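**Student:** Give me a model of this one.
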Amino acid sequence: MRLDKYLKVSRLIKRRTVANEVADAGRILINGKVAKASQAVNAGDIIEVTFGNRPIKVRVLSDVEPRTKDVAREMYEVIAE
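**Tutor:** Numbering: from 1, shown residues only. So this is what the prediction gives:
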């Protein structure tokens, strides 16, 4: 699944266009490397997103799109805030 879509369906970022803008600004890292919005996300990847001056680090548990929004939080686990 694309990074921008993953961030949207996992509800880490509310809109896909915002996820694109954040990725284009270089504020998203996957496994320690700067990521583009089109980069593929796989289970086990570590994603770091910087919101202003507040970074969040999560581990991808599932890259399958959930059927309902209730299970979106089960797609990742927070490692550090």
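**Student:** hey, let's count contacts and neighbours off CA atoms from now on
**Tutor:** Will do.
**Student:** Neighbouring strands - and their directions - for the strand or helix carrying residue 55?
**Tutor:** According to DSSP states H and E, residue 55 maps onto strand 54-60. Paired strands of strand 54-60, with direction, are strand 46-51 (antiparallel), strand 76-80 (antiparallel) (DSSP bridges).
**Student:** Deepest-packed of these, please.
**Tutor:** Of all the strands paired with strand 54-60, strand 46-51 has the most neighbours on average by mean count of other Cα atoms under 10 Å, namely a mean of 20.
**Student:** Show residues contacting stretch 64-72.
**Tutor:** 1, 6, 9, 10, 11 (Cα atoms under 8 Å, 6 or more residues apart in numbering).
**Student:** Let's see if you can find the most crowded of those residues.
**Tutor:** Among these, the one with the most neighbours (other Cα atoms under 10 Å) is residue 6, at 25 neighbours.
**Student:** okay but it is in contact with residue 63, surely?
**Tutor:** Yes: using Cα atoms under 8 Å, residue 6 makes contact with residue 63 at a distance of 7.2 Å.
**Student:** Quick check: residue 44 vs residue 66, distance?
**Tutor:** Residue 44 sits at a distance of 17 Å from residue 66 (criterion: Cα to Cα, to the nearest Å).
**Student:** Next: residue 58.
**Tutor:** Remark: distance between residue 58 and residue 66 (Cα to Cα) = 17 Å.
**Student:** which one of these two has more residues nearby?
**Tutor:** Shown here are residue 58 and residue 66; by other Cα under 10 Å, residue 58 has more neighbours (20 against 15).
**Student:** Excluding covalently adjacent residues, which one is nearest to the more buried one?
**Tutor:** residue 78 (4.4 Å; Cα to Cα, 6 or more residues apart in numbering).
**Student:** again with residue 31
**Tutor:** Take residue 31 and drop its neighbours on the chain: the residue closest to it by Cα to Cα, 6+ apart is residue 46, 5.1 Å away.
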